[in-house]
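[1] Mind looking at a prediction? Sequence and model below.
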There are 2 protein chains.
Amino acid sequence: MTARSSLPFDPIAEARRQWEAHGWHRAAPGMALVTSVIRVQQLFLARIDAVLRPFDLSFARFELLALLSFSRRGALPLSKAGERLQVHPASITNVVNRLEADGLVRRTPHERDRRTTLVELLPAGRDVLAGAMAALNEEVFAHPGVSLPEARAIVDLLREIRLGAGDFEEGGSRLP
Amino acid sequence: MTARSSLPFDPIAEARRQWEAHGWHRAAPGMALVTSVIRVQQLFLARIDAVLRPFDLSFARFELLALLSFSRRGALPLSKAGERLQVHPASITNVVNRLEADGLVRRTPHERDRRTTLVELLPAGRDVLAGAMAALNEEVFAHPGVSLPEARAIVDLLREIRLGAGDFEEGGSRLP
DNA sequence: TGACATTACTTGGACTTCCAAGTATTATGG
DNA sequence: CCATAATACTTGGAAGTCCAAGTAATGTCA
């Protein structure tokens, strides 16, 4: 679970020192930022995977179940799901295959557009999701490792990065 | 490269709305934090991979080359490298296999401890690293998508999360 | 209408990461 | 000293991701 023994020093601070020592002053802060984000993501994902393992879910599979449960009809085109979860179409196919094999969702043809396939949340999927959601909320999301104001601050700052990267449009309407 | 079309709204804000609507108030901020970190990591990693592709390097391979270049003798035990890069031993084996096949590093037996294998940076590896480092610094690290004070703020906040997760010990000595 | 582009999904392959188990070597304690 | 534990690395397998290419269906424009 990437839970190696803890180091006697901050590896990112050490890396920054190396960058400065080599004269890469303009890049050092960005390097520290990028490396920090990657590392914290690893830590979060390790915790998430550990919590979801008893439910036989990966985070990607959990996200798809959650997304479907929030949709009006409990069903979405694969393309819409991939767009919302920001993953490659092939990955969606893979995730849906797994969930379908476990009986948590099923594929349904689209009524008008025969290119499109819908993923539909099944009752069994809703049950598994409920348990996984409670566990994740309690064991990970409720204890992210920083105070509430700090969490808000990080989310706001990271939002700027996502916006700058063209992840979404500022101030759009609702309606997914 | 996970560079799907941009959404007309912020998917994380939308998710938070769903959490609140379901009464999961205690978990909503943490959910937004965790999801933000995961998404920004994907964005950074996509940019990094694109820049490193011409050098035939993954970020993991780049990190190992950089780590070796910073070490006094240009060589480290596999175990030390894995510890510093915070990855599974099997992953280090894999990364070293790739770099060795490309002639960028080589394995060397440890003089005293015959269990241990050293990875040694070869001149070809140093050359490739120099180019990749310049490209990464210029094209990614120098433009992380936020201002310098904001970058510092994020690094400091994320440091708290890493520290709380037992990633490293506060105020240790230098010496990697 | 009919060629051509676009969209939606699937498939196969290359990579990567992790875990579990196995081999080899070194350290430890009675 | 020797059985046992711990450490270092490798291997094989399961998952997951992405890309490139392929099939099928729909849209577009002359």
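    Cool, got the structure. Numbering: from 1, shown residues only, chains lettered A, B, ... in the order given.
[2] For the rest of this, base every contact and every neighbour count on C-alpha atoms.
    OK.
[3] Whether the host helix or strand of A:Leu136 contacts chain B - can you check?
    Here A:Leu136 is covered by helix A:123-136, with elements defined by DSSP states H and E. No: Helix A:123-136 lies apart from chain B when judged by CA under 8 Å from any CA of the partner chain; the minimum separation is 8.7 Å.
[4] Is any residue of that helix near DNA strand D?
    No: looking at helix A:123-136 against DNA strand D by CA under 7 Å from any atom of the strand, there are no contacts, and the closest approach is 14.4 Å.
[5] counting contacts, what elements does that helix pack onto?
    Other helices and strands packing on helix A:123-136, by 3 or more CA pairs under 8 Å, 6 or more residues apart in numbering or on different chains; DSSP states H and E, are helix A:28-52, helix A:59-70.
[6] Next, the residues that contact stretch A:64-80 from outside, please.
    Among residues not part of stretch A:64-80, those counted as contacts by CA atoms under 8 Å, 6 or more residues apart in numbering or on different chains are A:81, A:85, A:89, A:92-93, A:110, A:116-121, A:125-126, A:129, B:18.
[7] Could you single out the nearest of these to B:Leu43?
    A:Leu85 (13.1 Å; CA to CA).
[8] Local confidence estimate at the closest one?
    The model reports A:Leu85 with a pLDDT of 91.
[9] ok, now how distant is A:Ser71 from DNA strand C?
    15 Å (CA to the nearest atom of the strand, to the nearest Å).
[10] same deal with A:Ile161?
    Look at A:Ile161 and DNA strand C: by CA to the nearest atom of the strand, they are 24 Å apart.
[11] Kindly report the same for A:Ile154.
    In this view, A:Ile154 and DNA strand C are 24 Å apart by CA to the nearest atom of the strand.
[12] Surely A:Pro11 and B:Gln86 touch.
    No: proximity of A:Pro11 to B:Gln86 does not meet the contact threshold set by CA atoms under 8 Å, at 9.6 Å.
[13] on that earlier part again, and the angle from the helix holding A:Leu136 to helix A:28-52?
    Taking axes from the mean of the first three to the mean of the last three CA atoms, to 10 degrees, helix A:123-136 and helix A:28-52 form an angle of 120 degrees between their directions.
[14] So for the helix or strand following helix A:123-136, what gets flagged as buried?
    Helices and strands here follow DSSP H and E; after helix A:123-136, the next one along the chain is helix A:148-164. With burial defined by 16 or more other CA atoms under 10 Å in any protein chain shown, the residues of helix A:148-164 counted as buried are A:Leu148, A:Glu150, A:Ala151, A:Arg152, A:Ala153, A:Ile154, A:Val155, A:Leu157, A:Leu158, A:Arg159, A:Ile161, A:Arg162.
[15] Provide a list of residues in contact with the closest residue in space to the first one that isn't next to it in sequence.
    Using CA to CA, 6 or more residues apart in numbering or on different chains and skipping the chain neighbours, the partner closest in space to A:Leu148 is B:Pro29 (7.1 Å). B:Pro29 is in contact with A:Phe141, A:Ala142, A:Leu148, A:Ala151, A:Arg152, B:Arg16, counting by CA under 8 Å, 6+ apart.
[16] Please repeat the previous calculation with a cut-off of 10 Å.
    B:Pro29 makes contact with A:141-144, A:147-149, A:151-152, A:155, B:16, B:19-20, B:35 under the criterion CA atoms under 10 Å, 6 or more residues apart in numbering or on different chains.
[17] Likewise for A:Val155?
    A:Val155 touches A:149, A:161, B:12-13, B:29-30, B:32-37, B:154, counting by CA under 10 Å, 6+ apart.
[18] now do A:Phe62
    Residues near A:Phe62 by CA under 10 Å, 6+ apart: A:Leu52, A:Phe55, A:Asp56, A:Leu68, A:Val95, A:Leu99, A:Gly125, A:Val128, A:Leu129, A:Ala132, A:Met133, A:Leu136.
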